[in-house]
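Please work out how this folds:
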Amino acid sequence: MTRINQGTPAHTIVETLRKTKGYYITNTARDLSQSDFKNRILLHTDLMAAESRDKAGYFSLEITGGASIHVDMLRKQVDPFLKLKKLREHMPKTMFQTLCRGVNLFGYRPYPQNVIRFTVREFAKYVDVWRTFDFLNHVPNMHAVFEEVGKAGKLNEPCLCFSTGPEHTNAYYVAKAGELIDVTGRDITLCIKNHGGLGTPTRIGELVDALKQKYPDVPIHYHGHNTDGNDVGRIVEAVKNGASIVDGADFAFTGFYGPPPVLTVVQTLKEFGFEAVGLEEDAVIETSEVIRDQRQYYEQFESQIKGFQPTVQIHKLPGGAMGSSLEQAAKGGFLDRMPEILHKELPRVQKELGNYWSVTPGSQILWTTAVANVLDGERYGNPSGDLRNLLLGKYGPFPFYEPEEWIYAKVLGDDWRTVLKEEGGVEKIADMDLAHERYSLAEQIGTEPTDEQLVLYLQHPNDAAEFFKFEHNYGQAHVLPPSIFFRRGGFEIGENLSFRDYHGKEHMVEIGPSPMNDTGEASVYLIVDHHQSIYNFKTKKAEGPAGAAQELNKEEILDLAKAGDVRSPFSGKIVEISVVEGQEILVGDRVAIMEAMKMQTPVLSEIEGIVTGIYAKKGDALKPGGKILKIDRNE
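All right, here's what the predicted structure looks like:
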């Protein structure tokens with residue numbers, strides 16, 4: 001039985017896969033965290049599992065990429081690069097794997113070529129297997145990643161994003177595989193990315209067979225989700241028809257929307273005469289036993305709707321988006337509308353917008369459109385900037401058919417043909433001035449940033465800068481276990497918190513008082529391992545955010561905009577103020593960009609005039625009606 005270790009050259013990995021009988025397993029811990037725990041599983045828990053996972057003999061461990069880069073900084077206060085370094089210390093043999101969104105990298109928008117290449121070069125120092133996809137299966141959007149991964153000597157794993165419908169035929173996917181291979185060559189693994197857990201076992205088996213008949217020397221890696229409870233069946237058919245690698249996760253943490261349990265996959269395939277190459281089952285079991293008691297601390301992040309969802313075959317929402325979508329519905333007060341959104345409007349929007357693949361950022365475009373259609377009562381009446389860009393072809397061409405003309409008119413306006421002609425097509429994004437961005441980051445954090453910090457800042461400017469400042473002020477919070485990090489209900493003065501870090505070292509934190517001073521700051525007193533520490537910070541009340549105004553409705557916001565009083569059209573974060581005071585602008589000019597539910601939407605001027613006041617800044621979180629800026633009409 002041949003184990004493939006970290007550091008093995010890409011061509012040797014592929015040659016081993018070609019010659020080896022049986023199949024390999026990837027532990028998709030990152031996908032599990034995203035799909036069933038809203039990306040909240042901490043480095044502390046992954047480090048507890050690290051040694052047994054390394055002994056298990058997996059083909060790879062998917063531990064970074066996708067939305068995890070963002071959430072590591074935003075919600076878990078851990079540096080994504082530090083996470084990889086810490087895990088490598090305890091996992092010297094296992095290849096690390098990432099999920100990369102092609103031109104969107106680890107964010108939600110297309111990035112310039114120099115940013116893509118810089119990012120891949122930095123992460124390739126730690127990541128061995130690059131699973132790369134594009135939500136339109138548009139191969140040119142993945143070229144730069146393929147090239148840089150190849151230069152780094154790491155393994156390219158281009159994806160065929162899978163879905164169902166009359167257009168999604170074997171002939172289509174075989175032809176698309178040919179397009180990918182023409183770019184990457186044959187020393188790759190080819191992934192069938194079934195992110196929604198769609199299709200029957202028979203359908204997946206037929207697709208694997210069709211690909212192997214056309215490209216017998218290209219190893220197939222099947223990735224699926226267990227949303228409908230049927231992915232073990234799909235895995236069995238994939239392996240029976242020639243797949244070399246399949247995905248699973250630690251059974252102690254598996255839920256409803258992520259991958260199925262590794263051990264169940266192994267036990268089932270044994271009955272069909274297939275052995276998992278290099279896998280130590282005792283280590284697989286040991287991993288779950290080590291981390292089992294940690295799951296209770298992540299309960300608050302599990303889905304609001306429990307149970308498998310066979311209706312995924314109707315709405316096609318991927319596992320990675322299920323938890324976050326349900327969380328948005330709960331926070332937005334429309335959880336009761338989910339059946340209507342999922343089973344009626346979302347499938348309708350899918351067909352109307354071309355039946356492409358519901359995976360980031362496409363899944364967000366489809367989801368936000370369906371939600372807006374239901375909640376606003378006017379279909380396509382409140383389009384996001386990303387929906388507009390989709391119709392303009394900014395992400396690439398529609399793979400099968402274009403939406404009907406009335407949708408273009410609703411989203412782009414009555415003169416949509418002119419807009420499409422003048423603005424349509426994939427836009428070449430100019431390279432960023434990396435020296436300027438480095439200087440900008442240095443100004444924000446007060447020190448010269450490393451290349452790794454710059455990479456993270458280029459992906460998520462606001463949240464990366466805030467994370468770096470947090471870590472500088474408060475230290476590395478990733479040492480805290482989930483029992484403390486995610487504790488709810490606050491802490492009592494004099495309370496002692498004892499915990500053991502992932503090295504086994506004992507720590508103690510004693511909670512002291514938190515008096516307020518005259519400047520509105522709170523001074524939090526802690527005794528950490530017998531040393532007193534004092535942390536000063538402003539309370540939310542003292543900060544007085546720009547968006548703290550009374551919420552306005554859609555009509556009120558539009559009326560104010562026509563008077564030059566530009567307000568936030570929805571709850572979201574300012575990612576760009578596009579104008580300066582004194583600037584002359586025309587009707588339709590972009591004055592700001594806001595982000596909500598991972599989608600960016602431009603705020604456009606309703607009048608011609610001069611900017612006379614700017615009330616919001618980059619990073620501000622605004623409610624509907626929050627003040628952004630003032631425009632005085634030209635008389």
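
for the stretch 451-600 of the chain, which spans come out with low pLDDT?
539-551, 597-599 (pLDDT under 70).

and if you look at the chain?
1, 539-551, 597-599, 635.

Could you chop it up by domain?
Here the domain parsing of the chain from automatic domain parsing is 10-301, 332-423, 489-540, 554-633.

Return the distance of the shortest one from the chain's centre.
Averaging C-alpha coordinates over domain 489-540 and over its chain gives two centres that are 32 Å apart (CA atoms, centre = their mean, to the nearest Å).

list the contacts for G319?
The neighbourhood of G319, defined by CB atoms under 8 Å, 6 or more residues apart in numbering, consists of 31, 34-36, 195-197, 225-227, 257-258. Every C-beta, even on glycine, is put in place using the N, C-alpha and C of the backbone.

Likewise for I585?
579, 591, 605, 608-611, 631.

Among these, which one has the most neighbours?
Greatest neighbour count in the contacts of I585, by other CB atoms under 10 Å, goes to I631: 25 neighbours.

Who is that one paired with across the strands?
Taking DSSP bridges, one finds V611 as the beta-bridge partners of I631.

I'd assumed S605 was in contact with it.
Yes: using CB atoms under 8 Å, I631 is in contact with S605, at 6.2 Å.

shared neighbours, the two?
What both I631 and S605 touch, as defined by CB under 8 Å, 6+ apart, is the set 566, 585, 591.

Out of the residues you listed, flag the one nearest to R3.
When the shared contacts of I631 and S605 are compared for distance to R3 (CB to CB), V591 wins out at 56.9 Å.

Report the two members of the contacts of I585 separated by the largest distance.
V579 and E608 (13.1 Å).

In contact with the spatially most central residue of the chain: list those residues for me.
Nearest to the mean C-alpha position of the chain, by CA atoms, centre = their mean, lies A67 at 2.1 Å. Each residue near A67 by CB under 8 Å, 6+ apart is listed here: 34, 39, 106, 320, 360, 598.

One more pass at 10 Å, please.
30, 33-34, 38-39, 74, 99, 101, 106-108, 320-321, 324, 360, 598 (CB atoms under 10 Å, 6 or more residues apart in numbering).

Mark which of those are part of helices, please.
30, 33-34, 74, 320-321, 324 (DSSP state H).

Can I get those in TSV including neighbour count?
Shown next, in TSV, are those (neighbours: other CB atoms under 10 Å):
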residue	neighbour count
R30	27
S33	30
Q34	28
L74	16
G320	27
A321	25
S324	21
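
could those residues go into CSV alongside distance to T94?
Below are the ones in helices among the contacts of A67 laid out as CSV (distance: CB to CB, whole Å):
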residue, distance to T94
R30, 14
S33, 17
Q34, 20
L74, 27
G320, 22
A321, 28
S324, 28
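
what's the farthest-apart pair in those residues?
L74 and A321 (17.0 Å).

And the strands in the stretch 401-550 of the chain?
Taking DSSP state E, counting those that start in this stretch, the strands of the stretch 401-550 of the chain run over residues 496-500, 506-511, 521-528, 531-538.

Would you mind grabbing the residues shared as contacts by V579 and E608?
585, 589, 631.

how much space is there between the second one and S605?
When you say that, I think you mean D589. Using CB to CB, to the nearest Å, D589 is found at 5 Å from S605.

and which of the ones in helices among the contacts of A67 is nearest to R88?
R30 (15.3 Å).

Check whether the closest one really touches D46, as I assumed.
Yes: with contact defined as CB atoms under 10 Å, R30 reaches D46; the gap is 9.4 Å.

What is the helix or strand hosting N114 packed up against?
N114 is located in helix 113-123, with elements delineated by DSSP states H and E. Helix 113-123 sits against helix 80-90, strand 95-100, strand 129-132, helix 143-151, helix 434-445, helix 451-459, with contacts defined as 3 or more CB pairs under 10 Å, 6 or more residues apart in numbering; DSSP states H and E.

so Y298 makes contact with A252?
No: assessed by CB under 10 Å, Y298 is found out of contact with A252, at 11.2 Å.

ok, which stretches of the stretch 101-250 of the chain are strands?
Counting by DSSP E, counting those that start in this stretch, the strands of the stretch 101-250 of the chain are 129-132, 155-161, 190-194, 220-224, 245-248.

how about these in a markdown table, adding distance to N114 and mean neighbour count?
Shown next, in a markdown table, are the strands of the stretch 101-250 of the chain (distance: least, CB to CB, whole Å; neighbours: other CB atoms under 10 Å):
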| stretch | distance to N114 | mean neighbour count |
| --- | --- | --- |
| strand 129-132 | 18 | 27 |
| strand 155-161 | 20 | 25 |
| strand 190-194 | 27 | 25 |
| strand 220-224 | 30 | 27 |
| strand 245-248 | 32 | 28 |
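
Can you lay out those as a markdown table showing distance to D293?
Compiled in a markdown table, the strands of the stretch 101-250 of the chain are given as follows (distance: least, CB to CB, whole Å):
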| stretch | distance to D293 |
| --- | --- |
| strand 129-132 | 30 |
| strand 155-161 | 34 |
| strand 190-194 | 32 |
| strand 220-224 | 28 |
| strand 245-248 | 21 |
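
Mind putting the contacts of I585 into JSON lines with distance to F133?
As requested, the contacts of I585 are arranged in JSON lines below (distance: CB to CB, whole Å):
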{"residue": "V579", "distance to F133": "36"}
{"residue": "V591", "distance to F133": "34"}
{"residue": "S605", "distance to F133": "37"}
{"residue": "E608", "distance to F133": "43"}
{"residue": "G609", "distance to F133": "44"}
{"residue": "I610", "distance to F133": "45"}
{"residue": "V611", "distance to F133": "40"}
{"residue": "I631", "distance to F133": "41"}
